[in-house]
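**Student:** just coords:
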């Protein structure tokens, strides 16, 4: 079983739709939870990150972390064609242990927003 | 402008050859990383370095080697021992190990011909 599981999609939605992207994980030591956006043939760029449980909002993007369920989500409101990309969740464990500092990624979800 | 530069963007290698991928950063970051990306598998960690002259194996280090002689540079060599080297390689850096904000280069597409 992979430490981080993410539905690869692909996901296709109409412009203006609300998009929900999700990841589950198995390592209870994960403390930082990130979402990256990657356009085709480019490097990933950090969208936002949260520490431990809770919600964080940045414009049209909202990240949620539920540590009790080992489940994180990214919501995109009023989706735009420019949001079409691969979205990758990533996690870092807390200090200590052999995995400290290692960024672990999900498989990525391919999103297409059509006009 | 600060950032991470990977070169070349595209690289072709004959079977049995070693090739070196370049990664340079001017962000004054201590930690640097190499990832491999294959379709449908996300990013997998090859090597990472927390400080100059020190580096650690990631999850898929076999067939790869790195060096960290300067803070700004973290080159990756793909050796002939790597059985399936065709992939998209990404270099990243962060202020330190365990910091959430990692910045990525634009990647190198390696193809074995």
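**Tutor:** Now that the structure is in, tell me what you want to look at. All figures in this text were calculated on a predicted structure; none of them were measured in a lab.

**Student:** and residue A:107, how far is that from chain B?
**Tutor:** For residue A:107, the distance to chain B (CB to the nearest CB, to the nearest Å) stands at 4 Å. Every C-beta, even on glycine, is put in place using the N, C-alpha and C of the backbone.

**Student:** Give me the neighbour count for that residue.
**Tutor:** A total of 22 residues lie near residue A:107 under the criterion other CB atoms under 10 Å in any protein chain shown.

**Student:** Do I have it right that it meets residue A:8?
**Tutor:** Yes - the pair residue A:107 / residue A:8 is scored as a contact, 5.1 Å apart, by CB atoms under 8 Å.

**Student:** what sits against residue 66?
**Tutor:** All of this refers to chain A. Neighbour list for residue A:66: A:53, A:72 [criterion: CB atoms under 8 Å, 6 or more residues apart in numbering or on different chains].

**Student:** The intended chain is chain B.
**Tutor:** Listed by CB under 8 Å, 6+ apart, the contact set of residue B:66 reads B:34, B:46, B:47, B:49, B:55, B:74, B:75, B:76, B:77.

**Student:** Can you say which of those are buried?
**Tutor:** Buried by 16 or more other CB atoms under 10 Å in any protein chain shown: B:34, B:46, B:47, B:49, B:55, B:74, B:75, B:76, out of these.

**Student:** How about the most centrally placed residue in chain A: which residues does it bridge to?
**Tutor:** For chain A, the residue nearest the mean C-alpha position is residue A:89 (3.2 Å; CA atoms, centre = their mean). Note on residue A:89: beta-bridge partners by DSSP bridges are residue A:35.

**Student:** How many neighbouring residues does residue A:42 have?
**Tutor:** For residue A:42, the neighbour count with other CB under 10 Å is 16.

**Student:** Distance check, it against chain B.
**Tutor:** Using CB to the nearest CB, residue A:42 is found at 6 Å from chain B.

**Student:** Tell me which helix or strand that residue sits in.
**Tutor:** In the assignment (DSSP states H and E), residue A:42 maps to no helix and no strand.
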